[in-house]
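Asker: Here is my input, please return the structure:
(one chain, ligands or ions: 2)
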Amino acid sequence: MTDSPQGPASPHELVLSLRGVSKRFGAVSALTDIDLDVHAGEVVALVGDNGAGKSTLVKILAGVHPPSEGTITFRSKNVTFDNPSAALTLGIATVFQDLALCENLNVVANIFLGRELNPLQLDEVSMEIRSWKLLKELSARIPSVREVVASLSGGQRQTVAIARSLLLDPKLILLDEPTAALGVAQTAEVLDLIERVRARGLGVVMISHNMEDVRAVADRIVVLRLGRNNGVFLPDATNAELVGAITGASNNSVSRRVERRQPQGTSTQERQQP
Ligand SMILES: Nc1ncnc2c1ncn2[C@@H]1O[C@H](COP(=O)(O)OP(=O)(O)O)[C@@H](O)[C@H]1O
Ligand SMILES: [Mg+2]
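Answerer: Ligands and ions are numbered 1, 2, ... in the order given. Next up, the predicted model:
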């Protein structure tokens, strides 16, 4: 294990650890007493119903909101972030749901957006080469880095946003609903990309509503309910178990419906047959 925030994370190093993290907005308790661990080379899916506190947790880790209580340990050090660039400098990169790409700019410009005058001090050609290299390492299917983002598919945009977040060599990447707006083929592409990010040794936290996507890529599934931890599952958990933890009832109408349609142990493909 290394203490340097710049050094590589050793395999299975505990990259991030939250203990007792709470967040109140006035009278609203968005998060209460949250514990969360993420290791290097691990994808942790963060699931929960609307209002469960997922986005608030991501915003705390991204340096958007300070926690009201609790400790955040990142690479063996207690950390606080005053702002998003502090989190990024430490090695925590976030891809927010809206991606924050500029439609009218090309892929290179988007990857380097806001970093043109950073210590890297790169010229156009170097930025283009760096972008290609990054996208190639990710086996990303982008036709040309000179393509404007407006002409890219949803999956390609997500790819550009993820590539952009990797530019400063983070140790942890947070993805808020990376597949929410995507069709089947593009979702598969983004899930492959997430696996390649994990293979680079990063810790990944992925928020998702889609249990199939979560199962396909997550090493562990962390459930939040009403702002609290409500179980940690392996991807072989049944839909009934997951839905039960998400909704807070093991015998509710959602899980009964799922069980009627999907006897335990059936595969995804079998489930799609009538
Ligand atoms: N900036 C804010 N001000 C006040 N309440 C907020 C704010 N952000 C989130 N909340 C509240 O915190 C709770 C959790 O919200 P959120 O983190 O967005 O949940 P999720 O992403 O799981 O849907 C909700 O009750 C929401 O209304
Ligand atoms: Mg949200």
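Asker: At the contact with ligand 1, which residues of the stretch 51-200 of the chain appear?
Answerer: 51, 52, 53, 54, 55, 56 (Cβ under 6 Å from any ligand atom). The C-beta positions use only the backbone N, C-alpha and C, and glycine is treated the same way.
Asker: ranges for the strands of the chain?
Answerer: 14-25, 28-39, 43-47, 69-74, 77-78, 92-95, 172-176, 203-207, 220-225, 228-233 (DSSP state E).
Asker: Pairing partners for the fourth one, with directions?
Answerer: Translated: strand 69-74. strand 14-25 (antiparallel), strand 77-78 (antiparallel) (DSSP bridges).
Asker: Over to the last one?
Answerer: Based on DSSP bridges, the pairing partners of strand 228-233 within the sheet are strand 220-225 (antiparallel).
Asker: check whether the strand it pairs with contacts ligand 1.
Answerer: No: using Cβ under 6 Å from any ligand atom, strand 220-225 stays clear of ligand 1, coming no nearer than 6.6 Å.
Asker: Where is the longest helix in this structure?
Answerer: In the chain, with assignment by DSSP state H, the single longest helix is helix 184-199.
Asker: quick one: residue 134 from residue 168, how far?
Answerer: The gap separating residue 134 from residue 168 is 11 Å, by Cβ to Cβ, to the nearest Å.
Asker: the bottom helix or strand of this protein by mean pLDDT?
Answerer: Counting by mean pLDDT, DSSP states H and E, the chain has its least confident helix or strand at helix 268-272, which shows a mean of 38.
Asker: hmm, back to that, which one of residue 134 and residue 168 has more residues nearby?
Answerer: When neighbours are counted by other Cβ atoms under 10 Å, residue 134 comes out ahead of the other of residue 134 and residue 168, with 18 against 14.
Asker: wouldn't the more buried one be in contact with residue 165 here?
Answerer: No: with contacts counted by Cβ atoms under 8 Å, residue 134 stays clear of residue 165, the gap being 10.4 Å.
Asker: burial of residue 27, as a residue count?
Answerer: 5.
Asker: tell me the contacts of the closest residue in space to residue 194 that isn't next to it in sequence?
Answerer: Leaving aside its chain neighbours, residue 194 sits nearest to residue 217 (5.3 Å; criterion: Cβ to Cβ, 6 or more residues apart in numbering). For residue 217, the contact set (Cβ atoms under 8 Å, 6 or more residues apart in numbering) comprises 43, 45, 191, 194, 195, 206.
Asker: Could you find the residue nearest the spatial middle of the chain?
Answerer: The residue lying closest to the centre of the chain (Cα atoms, centre = their mean) is residue 175, at 2.4 Å.
Asker: do you know how far it is from residue 235?
Answerer: According to Cβ to Cβ, residue 175 and residue 235 sit 17 Å apart.
Asker: Next: residue 50.
Answerer: Using Cβ to Cβ, we find residue 50 at a distance of 23 Å from residue 235.
Asker: which of those two has more neighbours?
Answerer: It is residue 235, of residue 50 and residue 235, that has more neighbours when counted by other Cβ under 10 Å, with 16 against 7.
Asker: Find me the pLDDT at the more buried one, would you?
Answerer: We have a pLDDT of 93 for residue 235.
Asker: Next: residue 154.
Answerer: 88.
Asker: From here on, call the first residue 42.
Answerer: Fine by me, first position is 42 from now on; the one you just mentioned is residue 195.
Asker: Pull the contacting residues for it.
Answerer: Neighbour list for residue 195: 222, 223, 224, 227 [criterion: Cβ under 8 Å, 6+ apart].
Asker: please redo it, this time with the cut-off set to 10 Å
Answerer: 140, 220, 221, 222, 223, 224, 227, 228, 230, 231 (Cβ atoms under 10 Å, 6 or more residues apart in numbering).
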